[in-house]
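Asks: the following block contains a protein sequence and its predicted model.
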Amino acid sequence: MKEMRWKNSKMTLVYYSQENSNVLPCDVRIDGEEIVVQYDSDGPVLYIGKDLGYGHYLVESFEEKGKASLHRAPNSQFMEGFWIEDGIRGMWRIELLE
């Protein structure tokens, strides 16, 4: 499988503990079974993980001490999932844009 990349994607973060959400630019790369989501939050943050099958991904970030899931339906322009970082929890949605 060839690499797929969406350099100008838009990530919306929703925090369970807050009413506000954040929208950040991000870069998403899928190469075979590996996925990398990169964004800037007072420095570069990488979430790296593997495809568990059928568009279900588990990813981790060492910078943010985070773990997350992402799900993508076939041919969808969106990925969605759950995340936890240092005890803070929320959901994220990524619009895949080239």
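Replies: Looks like it arrived, so ask away. Remember, predicted model here, so these are calculated numbers, not experimental data. Numbers count the residues shown, from 1 in each chain.
Asks: can you report how many residues lie near residue 44?
Replies: Residues lying near residue 44 (other C-beta atoms under 10 Å) number 9. From N, CA and C alone the C-beta is placed, and that goes for glycine too.
Asks: who touches it in this structure?
Replies: 38, 63 (C-beta atoms under 8 Å, 6 or more residues apart in numbering).
Asks: in contact with the spatially most central residue of the chain, which residues are there?
Replies: By C-alpha atoms, centre = their mean, the chain has its centre lying nearest to residue 37, at 5.1 Å. Residues near residue 37 by C-beta under 8 Å, 6+ apart: 11, 26, 27, 28, 46, 47, 59, 70, 94.
Asks: does it belong to a helix or a strand, and which?
Replies: strand 34-40 (DSSP states H and E).
Asks: so how far is that strand from its chain's centroid?
Replies: Its chain's C-alpha centre and that of strand 34-40 lie 6 Å apart, by C-alpha atoms, centre = their mean, to the nearest Å.
Asks: now do the buried residues in it.
Replies: 35, 37, 38, 39 (16 or more other C-beta atoms under 10 Å).
Asks: assign the residue lying closest to the last one once chain neighbours are set aside to helix, strand or coil.
Replies: The shortest distance from residue 39 to any non-neighbouring residue, by C-beta to C-beta, 6 or more residues apart in numbering, is to residue 26 (4.0 Å). Classification of residue 26 by DSSP: H, G, I helix; E, B strand; the rest coil places it in strand.
Asks: contacting residues for residue 26?
Replies: 9, 10, 11, 37, 38, 39, 94.
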